[in-house]
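Visitor: got a structure for you, letters missing:
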């Protein structure tokens, strides 16, 4: 059963990052309006007077959770995974002449899928109209809220997908726990074009997964970060009738950016849409910290040799935080 947000408009006062410099991707707005599967419309504002000139300006710390599955309310424990999903929603494969594995395939398999932070990056399966099932990845960022790609939630033309099954610690034919969902949300402007600046969204769960399993931290950045970052999730090319579903990861630097997206030469594949762009920020409260949401392979016309994630800008940060507060 879907929950309904009672607020139609909300203005938030949490500090956000400064306006990004103008680029081919355009400048991020100071306001984002979210629509969700309940029919609610929610306007969230980032006050420009609180923006600063550089560096991280907003951050939510990672948590580890209680670790006691007896505390997990609303979930099924140790479920058997469904048969191999017929197709994965793979925008990378719809881009002519591009690949999401760039050069040699350097992805490595994650086997400790029930350990922090990997247990916080679940496999999503869901149905599109007609009944075919698809797969994506998501990541917990609070108790009941999961970030993912908008193209994993709706077609951008008013049709919300359905039948979500969220598998934590999925490996082979089994998982640690399975949750359902209550609400899907995406920003106004999401038009169904995978890899666009609006290709991000939120899935509200029907269980208290974050309290038990913990969640990633996340932060907004005003400039491209240094060092290596990872994209970790469930690629569809690694799914088979013999090995089932397996988690894979690869790391590399952010090599380009526009106002709304990161670009990187990190190997990915369809099914990893919605995965976090993250790393361990040792010595900081953000901890296992996400700065983006992986959404697509190389985009045309440029950059053609890099994969793409939506940045956690000030507006994305505020929207994530607002839904976490609305669904604690």
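Guide: Here it is on my side, so go on. What you see is a predicted model, and the numbers here were worked out from it, not measured in a lab.
Visitor: rounded mean pLDDT for stretch 245-263, please.
Guide: What stretch 245-263 shows for mean pLDDT is 95.
Visitor: buried residues in it?
Guide: 245-252, 254, 256-263 (16 or more other CB atoms under 10 Å). Every residue, glycine included, has its C-beta placed from N, CA and C.
Visitor: ditto for stretch 169-189
Guide: Neighbour-count burial for stretch 169-189 flags 169-171, 173, 175-179, 181-187 (criterion: 16+ other CB under 10 Å).
Visitor: then stretch 235-244?
Guide: Buried residues in stretch 235-244, counting neighbours by 16+ other CB under 10 Å, are found at 235-239, 244.
Visitor: check stretch 268-279 too.
Guide: For stretch 268-279, burial by neighbour count (16+ other CB under 10 Å) applies to 268-279.
Visitor: circling back: next step: the buried residues of stretch 245-263 restricted to strands.
Guide: Applying DSSP state E to these, the entries found in strands are 247-252, 254, 256-257, 261-263.
Visitor: chain neighbours aside, what residue packs nearest to residue 73?
Guide: Excluding the flanking residues, the one nearest residue 73 by CB to CB, 6 or more residues apart in numbering is residue 208, at 5.4 Å.
Visitor: that neighbour reaches residue 144, doesn't it?
Guide: Yes. Here residue 208 reaches residue 144: they are 6.4 Å apart, a contact under CB atoms under 8 Å.
Visitor: quick check: the two most widely separated of the buried residues of stretch 268-279?
Guide: The most widely separated members of the buried residues of stretch 268-279, counting by CB to CB, are 270 and 279 (23.0 Å).
Visitor: the residue lying closest to residue 143 once chain neighbours are set aside: what's it in contact with?
Guide: Excluding its sequence neighbours, the residue lying closest to residue 143 (CB to CB, 6+ apart) is residue 210, at 3.7 Å. By CB atoms under 8 Å, 6 or more residues apart in numbering, the contact set of residue 210 is 63, 65, 120, 140-145.
Visitor: hmm, back to that, name the nearest of the ones in strands among the buried residues of stretch 245-263 relative to residue 149.
Guide: Closest to residue 149 out of those is residue 261 (12.1 Å), distances taken as CB to CB.
Visitor: contacting residues for that closest one?
Guide: With contacts defined as CB under 8 Å, 6+ apart, the neighbours of residue 261 are 25, 195, 197, 292, 295, 308-311.
Visitor: what's the lowest-pLDDT member of these?
Guide: Among the contacts of residue 261, residue 25 has the lowest pLDDT, at 44.
Visitor: quick one: which of the buried residues of stretch 268-279 sit in helices?
Guide: Judged by DSSP state H, those include no members of helices.
Visitor: dump these to JSON lines, plus pLDDT and distance to residue 76.
Guide: Converted to JSON lines, these look like this (pLDDT from 0 to 100; distance: CB to CB, whole Å):
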{"residue": "268", "pLDDT": "93", "distance to residue 76": "29"}
{"residue": "269", "pLDDT": "90", "distance to residue 76": "28"}
{"residue": "270", "pLDDT": "89", "distance to residue 76": "26"}
{"residue": "271", "pLDDT": "92", "distance to residue 76": "22"}
{"residue": "272", "pLDDT": "94", "distance to residue 76": "24"}
{"residue": "273", "pLDDT": "94", "distance to residue 76": "24"}
{"residue": "274", "pLDDT": "97", "distance to residue 76": "21"}
{"residue": "275", "pLDDT": "98", "distance to residue 76": "23"}
{"residue": "276", "pLDDT": "98", "distance to residue 76": "24"}
{"residue": "277", "pLDDT": "98", "distance to residue 76": "29"}
{"residue": "278", "pLDDT": "98", "distance to residue 76": "27"}
{"residue": "279", "pLDDT": "98", "distance to residue 76": "31"}
